[in-house]
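Participant: build me a structure from this.
(one chain, ligands or ions: 2)
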Amino acid sequence: MKDEYGAMSDAGDTFEHDGPFTLESGEVLSHAQLRYNTYGSLNPAGTNVLLVNHALTGNSDLASWWGSMLGPTLAFDTDKYFVVSANILGSCYGSTSPTSVDPSTGEPYGKSFPSVSVRDTVKLQGKLLESLGVTSLKSVVGGSFGGMQTLEYLFTGQEFGPETRSAIPIACGSHHTGWQIGISELQRQAIYADPDWAKGEGWNAKKGLEVARQIGMISYRTSQAYEEKFGRGVQGGKIYGSDAEWDVKSYLEYQGRKFLDRFDPITYVKLTEQMDSHDISRGRGEMKAVLNSVKVPTLIVGIDSDVLYPVHEQESLRDGIQGSELVVVNSDAGHDGFLLEQEEVSKNVIRFLESIE
Ligand SMILES: CC(=O)SCCNC(=O)CCNC(=O)[C@H](O)C(C)(C)COP(=O)(O)OP(=O)(O)OC[C@H]1O[C@@H](n2cnc3c(N)ncnc32)[C@H](O)[C@@H]1OP(=O)(O)O
Ligand SMILES: N[C@@H](CCO)C(=O)O
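Facilitator: Ligands and ions are numbered 1, 2, ... in the order given. Prediction:
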């Protein structure tokens, strides 16, 4: 279900920040809210907490994307843990975003929505956790954009929010690299190239958004996966020129169209910009020293076929964070392996959580 400006209103609760929220950029959101979901019960000390962070286009409805990991006896064991999943600030899934009304104009922010960093999202989530009575996080887990948030939590206890006792960053690195910013930029350029981006507020740059999602879908998988799924399959037998209806073309077009039901171009531009802000060393010193300052147990997970966040980035995290462990999951799926290989991810999460106080 979407509201009048296109924001998704999925199930969950809403946290409202008390007063204006100042962003890293110095800009101020006069009102800031976050959608979140919880599962299980909080213990009286507020310490049996697992925080699970979603990726770029996900939401706080954890059951809808890591469902086979959530429930009694599963990785996110709701008999033992109070599991919290919070939306990203700037996401159209119920948090303050470009689709929200700017109180100063009475109109949706649109392109004037301020620049939010991954650290801003985590800082606001920290306020949400405090409001729930959370004093300490047993672990923070997330893949991709969720992994970037997870890495920021390694510093929250020292800087803001509840203490973090362990972390499981998956399929991400210590900062967004030139490669990843380039792929984000390519997607934004597809949106900017849509003639409707320059008209009015830009909400109607739908063709651009479709193409952006198609570019994303290529980067989330691998040549092996595309070969296995589509190969040279074609409808109608025509293989020459623009008459060729390749199965892969039809798949990408379908994914692009489907995406319009749950995202808008402005939010997509802003969220990819937020990912590009990811750099745990910003303002904290040299990366080597920043990683070396991490003292909590950390399980780093990579996917061996991930071309977007390649394994060497997880190896760098492992080399930098003292005593951390790296597990590389074998999968042809590529980056999306963190969503598709739930059994393998679960196994490692369970083992690691059992080893943590
Ligand atoms: C609504 C939500 O998902 S929001 C919940 C949170 N989501 C997230 O966190 C991530 C977003 N989701 C994703 O990235 C993906 O859906 C994943 C990774 C979770 C799952 O991927 P997969 O299961 O491998 O799906 P896959 O990429 O094969 O796409 C399947 C779809 O393509 C369609 N399809 C497959 N081949 C073709 C083709 N040749 N032509 C047209 N359509 C095709 C299928 O019919 C199917 O359609 P459906 O989704 O309407 O059922
Ligand atoms: N499939 C994921 C990839 C980004 O990590 C998403 O759409 O959010």
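Participant: can you pull up the most central residue in this structure?
Facilitator: Ala55 (2.2 Å; C-alpha atoms, centre = their mean).
Participant: am I right that that residue is in a helix?
Facilitator: No. Counting by DSSP: H, G, I helix; E, B strand; the rest coil, Ala55 is not part of a helix but coil.
Participant: state the distance from it to Asp264.
Facilitator: Relative to Asp264, Ala55 is positioned 18 Å away (C-beta to C-beta, to the nearest Å). In this view, the C-beta of every residue, glycine as well, is placed from N, C-alpha and C.
Participant: residues near the closest residue to ligand 2 within the stretch 251-357 of the chain, how many?
Facilitator: Proximity of the stretch 251-357 of the chain to ligand 2 (C-beta to the nearest ligand atom) peaks at Asp336, 5.1 Å away. When counting by other C-beta atoms under 10 Å, one arrives at 23 neighbours for Asp336.
Participant: also the one 4 residues further on?
Facilitator: Look at Leu340: counted by other C-beta under 10 Å, it has 19 neighbours.
Participant: quick one, what contacts it?
Facilitator: 331, 333 (C-beta atoms under 8 Å, 6 or more residues apart in numbering).
Participant: pick out the residue of the stretch 51-200 of the chain closest to ligand 1.
Facilitator: For the stretch 51-200 of the chain, C-beta to the nearest ligand atom, closest residue to ligand 1: Gly58, 3.0 Å.
Participant: nearest spatial neighbour of that residue, skipping sequence neighbours?
Facilitator: Nearest residue to Gly58 in three dimensions, chain neighbours excluded: Trp65, at 5.2 Å (C-beta to C-beta, 6 or more residues apart in numbering).
Participant: isn't the one you found right next to Leu56, touching?
Facilitator: No. Assessed by C-beta atoms under 8 Å, Trp65 is found out of contact with Leu56, at 11.4 Å.
Participant: may I see the buried residues of stretch 304-313?
Facilitator: 305-311, 313 (16 or more other C-beta atoms under 10 Å).
Participant: so which of the residues you listed belong to helices?
Facilitator: Using DSSP state H, 311, 313 are the members of those that sit in helices.
Participant: what's around the residue nearest to Gly58, how many residues?
Facilitator: 19.
Participant: returning to what we had before: which residues touch the residue of the stretch 251-357 of the chain closest to ligand 2?
Facilitator: 220-221.
Participant: again with Phe259
Facilitator: 57, 209-210, 213 are the contacts of Phe259 under C-beta under 8 Å, 6+ apart.
Participant: what's the closest non-adjacent residue to the residue of the chain found nearest ligand 2?
Facilitator: Relative to ligand 2, the nearest point of the chain is Ser144 (3.2 Å; C-beta to the nearest ligand atom). Closest residue to Ser144 apart from its sequence neighbours, by C-beta to C-beta, 6+ apart: Ala55 at 4.1 Å.
Participant: wait, that neighbour touches Gly143, no?
Facilitator: Yes. Counting by C-beta under 8 Å, Ala55 touches Gly143, with 5.8 Å between them.
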